[in-house]
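S.K.: Give me a model of this one.
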Amino acid sequence: MNTETIETLDKILPVVERVHSEHHPELHKVAELYKELKKAPSRAVFDEMQAVTGNYAVPDDACPTYAKTYNLLEELDREFV
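M.R.: This next block holds a predicted model:
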């Protein structure tokens, strides 16, 4: 997995989860799955991430950092194939 992408996600995902999880509780699951991916990337975890995020669909009320988080997760997913 791309080191730069991981470093960026390590910084922004916790912030996005903290700020937006009240209206987007699925972010807790996204953060949990991301931790799993860092330990042992697998197609199954990426498949679950796709299901939880609606195939990385950025919500209408998402801030740019939220959108970047989903875009980076999708990028990791594409790289994993």
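S.K.: From residue 40, how far off is residue 17?
M.R.: With distances taken as Cβ to Cβ, to the nearest Å, residue 17 is found 21 Å from residue 40. (C-beta placed from N, C-alpha, C; glycine too.)
S.K.: Same drill for those two, tell me which one is more crowded.
M.R.: residue 17 (21 against 7; other Cβ atoms under 10 Å).
S.K.: Just give me how far the helix or strand hosting the more buried one sits from the chain centre.
M.R.: Element membership of residue 17 [criterion: DSSP states H and E] is helix 3-20. Relative to its chain's centre, helix 3-20 lies at 8 Å (Cα atoms, centre = their mean, to the nearest Å).
S.K.: Quick check: buried residues in that helix?
M.R.: 9, 13, 16-17, 20 (16 or more other Cβ atoms under 10 Å).
S.K.: Check stretch 39-47 too.
M.R.: 45-46.
S.K.: In which helix or strand does the closest residue to residue 9 other than its chain neighbours reside?
M.R.: Nearest non-adjacent residue to residue 9, counting by Cβ to Cβ, 6 or more residues apart in numbering: residue 72, 5.4 Å away. Using DSSP H and E, residue 72 sits in helix 64-80.
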